[in-house]
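>>> sequence and computational prediction follow.
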Amino acid sequence: MVDQPVSIAGYCGTVASAPVAGLVARRKAIPRPANPGKAGVRTASVAVGGLSRQALLLTPRPRGSFAQQAAEILEELRTALDLGRPRPRVTLQTVFLKRQQDRAQCETLLRNFYGGDCPVTAYVAQAPCNGAALALEAWAVSGPGVAVERFGPQALAVTCDDVRWIYCSGIEVARGRQGVYAGSLTGMASLSRALAQAGSSFEHVVRTWFYLGGITRKVGSTECYREFNRARADFYSDIPFGRGLLRKAAASTYPASTGIGMRGTGLAASCIAVETRRPDAFLVRLENPNQIPAFQYHERYSPRSPCFSRGVALVLGDQITTWISGTASILNSESQHPGDAAAQTHQTIDNIQKLLAPENFQSHDVSGAATSLRDLAKIRVYIKRPQDFDRCRAVCEERFGKVPVIYAVADVCRPELLVEIEGVAFSRRAAV
């Protein structure tokens, strides 16, 4: 196989940020004229073969009206996209909203911004930690031979280099009288229908997000998250995840996932699926040697264990894409450092570092993987208590550097857990 070109570059609004390291063939920082009144945009650009992906994370300064803050980040987004040659096309985005009543205005602004080329979009009722009215995470693609197909407002597919990436988002369920269990099943069935519209199915899903209103709220003698886990376990029971791509069969193979709280009582869901017949492609379910797999948790945590993997890695020749599930301060299955948000943040990052370590890939029969925290293209940091933001951010900046990040206020699935972090990493595999 001929090696494909790979490069990563990063920049941050008015100040250049450190690029992601692991796939670097060349580095460049793109300076911008200083304008302290504007929103900051942090991006990471990853070129693998003919497909260039760009992660753009934007959080405005908490000043002015919603419309003013939205206009600022859209101006920054336009500028960032205009720097691309060719100009990237946004395919997937997540909008974090401080106030649900701003959503209609936000939808109008985004429709006007994108015209008839609006990406699939998730609206999440999570406030940015800095007090801003909104934040935006967008993924854009470009490159020769890249084909984009749309299948309505909730499904989109990108095909390049004999790999098809399917993005489904904007799935929402207002639970109403049907309850958490039934509402969760409804949400997953809606995801399945969106995948079917794109000609795919749940067995190809590698990454999911489930935003659950009142995630730790009591429901009779149990909790929302436990009822959600029961629904997910039942829905997943007959799905052969990774069929045709798993390098090593496993008794329990599930997508990487984030199950996190949001305001309200509903459910929002998104997923990524991957299809390819390339002979150099395979999937690996990653677990952390310092943690019991979530799907093997004792029933005291949930009568039906959470059905997700700590991470999922897609190997395409000598390139690796690793989706890191929502990760918290847990060793084995026990929560660590109760009440100490900074210590929990350190422990969470330790867990991610352990998951990405080359020796962990080796233990999963993937040799030559030189993966580390420096390979992260972007992260999200969910913080339960707004007063912990400064402490958590300081730890993240110390440990992650200037990786693009969004900080959002969100409840975590256990009452004692204060922080959860997720991300995606791109790295290169040495010749074997």
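Noted; the coordinates are in hand.
>>> for the stretch 1-150 of the chain, which spans come out with low pLDDT?
In the predicted model, the stretch 1-150 of the chain carries pLDDT under 70 at residues 1-40, 49.
>>> now with 90, please.
For the stretch 1-150 of the chain, residues meeting the criterion pLDDT under 90 lie at 1-42, 45-51, 84-86, 116, 144-145.
>>> same question for the stretch 251-400 of the chain.
251-253, 292-306, 333, 370.
>>> now do the helices in it.
Using DSSP state H, counting those that start in this stretch, the helices found in the stretch 251-400 of the chain span residues 341-356, 358-363, 389-400.
>>> relative to Glu75, which of the ones you listed is closest?
Smallest distance to Glu75 across these (Cβ to Cβ): 24.5 Å, for helix 389-400. Every C-beta, even on glycine, is put in place using the N, C-alpha and C of the backbone.
>>> counting by contacts, list what the closest one packs against.
helix 341-356, strand 376-383, strand 405-409 (3 or more Cβ pairs under 8 Å, 6 or more residues apart in numbering; DSSP states H and E).
>>> picking up where we left off before, could the helices of the stretch 251-400 of the chain go into TSV alongside mean neighbour count and distance to Lys378?
As requested, the helices of the stretch 251-400 of the chain are exported to TSV (neighbours: other Cβ atoms under 10 Å; distance: least, Cβ to Cβ, whole Å):
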stretch	mean neighbour count	distance to Lys378
helix 341-356	22	13
helix 358-363	16	21
helix 389-400	17	10
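>>> wait, which of those is closest to Val163?
Val163 lies closest to helix 358-363 among the helices of the stretch 251-400 of the chain, at 20.4 Å (Cβ to Cβ).
>>> who are the packing partners of the closest one?
For helix 358-363, the helices and strands in contact under the criterion 3+ Cβ pairs under 8 Å, 6+ apart are strand 281-286.
>>> what is the orientation angle of the strand it packs on with helix 341-356?
Taking axes from the mean of the first three to the mean of the last three Cα atoms, to 10 degrees, one finds that strand 281-286 is oriented at 140 degrees with respect to helix 341-356.
>>> show me the contact partners of strand 281-286.
The contact list for strand 281-286, computed with Cβ atoms under 8 Å, 6 or more residues apart in numbering, reads 163, 206, 242, 245-248, 250, 253-254, 274, 309-317, 322, 355, 360-361, 364-366.
>>> in strands, which of these fall?
Under the assignment DSSP state E, the contacts of strand 281-286 contribute Val163, Val206, Val274, Gly311, Val312, Ala313, Leu314, Val315, Leu316, Thr322 to strands.
>>> roughly how far apart are the first one and Thr253?
To tie it back to what came earlier, the one meant is Val163. In this view, Val163 and Thr253 are 20 Å apart by Cβ to Cβ, to the nearest Å.
>>> and what of Arg150?
Remark: distance between Arg150 and Thr253 (Cβ to Cβ) = 30 Å.
>>> distance of Ala127 from Cys118?
According to Cβ to Cβ, Ala127 and Cys118 sit 24 Å apart.
>>> mind checking which of these two has more residues around it?
Per other Cβ atoms under 10 Å, whichever of Ala127 and Cys118 has more neighbours is Ala127, with 22 against 17.
>>> what sits against the nearest residue to the more buried one once chain neighbours are set aside?
The shortest distance from Ala127 to any non-neighbouring residue, by Cβ to Cβ, 6 or more residues apart in numbering, is to Lys98 (4.0 Å). Shown in contact with Lys98 (Cβ under 8 Å, 6+ apart): Ala127, Pro128, Gly131, Ala132, Ala133, Leu134.
>>> of these, just the buried ones, PyMOL syntax please.
To isolate the buried members of these in PyMOL, using 16 or more other Cβ atoms under 10 Å:
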select buried, resi 127+128+132+133+134
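>>> closest one of the contacts of Lys98 to Arg85?
Arg85 lies nearest to Leu134 out of these, by Cβ to Cβ, at 28.7 Å.
>>> before we move on, the earlier item: which of the ones in strands among the contacts of strand 281-286 sits closest to Ser142?
Of all these, Val163 has the smallest distance to Ser142: 15.4 Å, by Cβ to Cβ.
>>> any idea how far Gly401 lies from Val48?
Taking Cβ to Cβ, one finds Gly401 at 22 Å from Val48.
>>> settle it for me: which of the two has more neighbours?
Remark: of Gly401 and Val48, Val48 carries more neighbours, 25 against 16, as counted by other Cβ under 10 Å.
>>> check the gap between Gly176 and Gly213 for me.
Remark: distance between Gly176 and Gly213 (Cβ to Cβ) = 12 Å.
>>> between those two, who's got more neighbours?
A direct count of neighbours by other Cβ under 10 Å for Gly176 and Gly213 places Gly213 higher, at 21 against 10.
>>> returning to what we had before: give me the more crowded residue out of Val163 and Thr253.
Set side by side, Val163 and Thr253 show more neighbours around Thr253, with 21 against 18, by other Cβ under 10 Å.
>>> spit out the contact partners of the more buried one.
Phe241, Gly242, Leu246, Arg285, Ser309.
>>> what do you get for Val173?
By Cβ under 8 Å, 6+ apart, the residues touching Val173 are Gly183, Ser184, Thr186, Gly187, Ser190, Gly266, Leu267, Ala268, Ala269.
>>> and Leu57, that one's in a strand?
Yes - secondary structure of Leu57 (DSSP: H, G, I helix; E, B strand; the rest coil): part of a strand.
>>> right, and Ala127 touches Tyr407 too?
No - taking contacts as Cβ atoms under 8 Å, Ala127 lies outside contact range of Tyr407: 9.9 Å.
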